[in-house]
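Student: how would this look folded up:
(one chain, ligands or ions: 1)
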Amino acid sequence: MNKTVCLLFAALMPLAAQAQEVTLRLVSAFPENQFYVKRTLEWIERVNKEQKGVLQINFIGGPKAIPTFEVGKAVQSGVVDIGFSTGAFYTNVMPEADILKLSETSAAEQRKNGGYELINKIWGEKGNMRYLAKTVEFTPFHLYLNKKIDKPDLTGLKIRITPVYREFFQSLNAQVMTTAPGEVYTALERGVIDGYGWPIHALFDLNWQEKTKYRVDPGFYNAEVSLIMNLDKYKGLPAKVREALDRETLAYEKQNGFWKTYNQAETRRQAEAGIQTITFDAATSKAFVAKAKEVGWANAIKASPQYGPQLKKVLAP
Ligand code: 173
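Tutor: Residues are numbered from 1 along each chain as shown. Okay, the predicted model is just below:
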């Protein structure tokens, strides 16, 4: 190479590197000020630092950008590249999405037992999505109430739900009302609901402790929150970018042990905030959890006769 060509080459190199950098647009189905999103924003910051020149993630916003229950559709159609959501929020894409709450195996185990492949087969086929990684697990859901009960009977009570809790709370005779997390505070404040379903953690960012008297123990199911991506976009990424994305999302998933200690701290924090626990005797507690599971799987298999039984083998063998 002569000197001129050499110089030209050197001048063009940064341009070539820049042209390779891919920016992906991410939207959250959870409110922007909520703890899950704060944690995801920290992850994005780390990715953008580590993957400079390769991959950048652009956080578009929360439900103000795209409503909670529309994020799945937006990922499916490619309006956004990546969604941060939970299966219950995109049952309008496929009923299978809500089945992940029934996981008894961990995300790490599902990567080994064929679960991750099966999830991706279904998510690809029915949702045009890539299931990148699970970012919340090891976390039970609970029923929170403002009226006291002495047995698992919700007759006469109006409970805020998402698909996670629908059939279970209905089986306890509750009157149910679906809302996005962003509308729960106002519903509590106005007395429109007597309680709500939610995980053991992360209600403080939304200030629900101000309007919550009781938590019913034990919890049930296993909260699942994940990063999902438009499949065409994922497949179209240059190999180097896709590998970087896979690595970074897996690294996020590998931090899920965090929730075990966080949940203990959050349980204490709820007690300190004055939330009292409602408990049942041992046999009733056992029956409560068993009923949740039974109702959950019965509904899963009814909603997806094709994939429900296959999912059961890897999620709850
Ligand atoms: O209650 C909900 O909004 C819900 O379905 C959910 C699911 C996973 C994590 C947090 C909330």
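Student: count of neighbours near residue 269?
Tutor: 15 (other CB atoms under 10 Å). All C-beta atoms are positioned from the backbone trio N, CA, C, and that covers glycine.
Student: would you agree it falls within a helix?
Tutor: Yes. Residue 269: assigned to a helix according to DSSP: H, G, I helix; E, B strand; the rest coil.
Student: surely it meets residue 204?
Tutor: Yes. Using CB atoms under 8 Å, residue 269 makes contact with residue 204 at a distance of 6.8 Å.
Student: so the nearest residue to residue 316 once chain neighbours are set aside, which of the three states?
Tutor: Spatial nearest neighbour of residue 316, excluding adjacent residues (CB to CB, 6 or more residues apart in numbering): residue 104 at 4.4 Å. Classification of residue 104 using three-state DSSP returns coil.
Student: okay, residue 104 and residue 293: tell me how far apart.
Tutor: The gap separating residue 104 from residue 293 is 9 Å, by CB to CB, to the nearest Å.
Student: what residues does the chain put near the ligand?
Tutor: Within the chain, the residues that sit near the ligand (CB under 6 Å from any ligand atom) are 86, 88, 162, 164, 181, 197, 198, 199, 223, 225.
Student: just give me the neighbour total for the fifth one.
Tutor: Yep, that's residue 181 we're talking about. Residue neighbour count, defined by other CB under 10 Å, stands at 25 for residue 181.
Student: kindly report the same for the first one.
Tutor: For residue 86, the tally of surrounding residues (other CB under 10 Å) stands at 29.
Student: so the closest residue to it other than its chain neighbours bridges to which residues?
Tutor: Once flanking residues are discounted, residue 86 sits nearest to residue 225: 4.8 Å by CB to CB, 6+ apart. Beta-bridge partners for residue 225, by DSSP bridges, are residue 136.
Student: what's the pLDDT at residue 225?
Tutor: Model confidence at residue 225, given as pLDDT, is 98.
Student: what of residue 15?
Tutor: pLDDT at residue 15 comes out at 54.
Student: list the contacts for residue 285?
Tutor: Neighbouring residues of residue 285 by CB atoms under 8 Å, 6 or more residues apart in numbering: 217, 218, 279.
Student: and residue 47, by the same measure?
Tutor: Going by CB under 8 Å, 6+ apart, residue 47 touches 55, 56, 57, 248.
Student: which stretches of the protein form helices?
Tutor: 3-20, 35-50, 71-77, 107-112, 115-127, 166-171, 184-189, 231-236, 239-253, 258-272, 282-303, 308-315 (DSSP state H).
Student: so which of these is the most packed in?
Tutor: Of all the helices of the chain, helix 71-77 has the most neighbours on average by mean count of other CB atoms under 10 Å, namely a mean of 23.
Student: contacting residues around that helix?
Tutor: Helix 71-77 is contacted from outside by 27-29, 66, 79-85, 89-90, 92-93, 97, 127-129, 228-230, using CB under 8 Å, 6+ apart.
Student: now that helix: average pLDDT?
Tutor: Mean predicted confidence for helix 71-77 is 98.
Student: what does stretch 33-45 give?
Tutor: 98.
Student: how about stretch 153-169?
Tutor: 98.
Student: can I get that stretch as CSV, trimmed to CA atoms?
Tutor: The C-alpha trace of stretch 153-169 is given here as CSV (Å, rounded to 0.1, in the frame of the first residue of the first chain):
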residue,chain,number,x,y,z
ASP,A,153,-62.5,-16.6,50.7
LEU,A,154,-62.7,-13.4,48.7
THR,A,155,-66.5,-13.2,48.4
GLY,A,156,-67.6,-9.6,48.2
LEU,A,157,-64.1,-8.2,47.6
LYS,A,158,-63.0,-6.4,44.5
ILE,A,159,-59.4,-7.3,43.6
ARG,A,160,-57.1,-5.7,41.1
ILE,A,161,-55.5,-8.4,38.9
THR,A,162,-53.5,-9.1,35.7
PRO,A,163,-53.9,-12.5,34.0
VAL,A,164,-51.4,-13.9,36.6
TYR,A,165,-54.0,-14.0,39.3
ARG,A,166,-57.3,-14.1,37.4
GLU,A,167,-58.4,-17.7,37.6
PHE,A,168,-57.0,-18.2,41.1
PHE,A,169,-58.7,-15.2,42.7
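Student: so which residue is dead centre in this structure?
Tutor: residue 225 (1.7 Å; CA atoms, centre = their mean).
Student: what sits against it?
Tutor: By CB under 8 Å, 6+ apart, the contact set of residue 225 is 30, 36, 84, 85, 86, 134, 135, 136.
Student: hmm, the first one is touching residue 37, no?
Tutor: This points to residue 30. Yes. Counting by CB under 8 Å, residue 30 touches residue 37, with 5.3 Å between them.
Student: quick one: common contacting residues for the two?
Tutor: With contacts defined as CB under 8 Å, 6+ apart, the residues shared by residue 30 and residue 37 are 62, 84.
Student: ok so, going back, the residue nearest to residue 316: neighbour count?
Tutor: 12.
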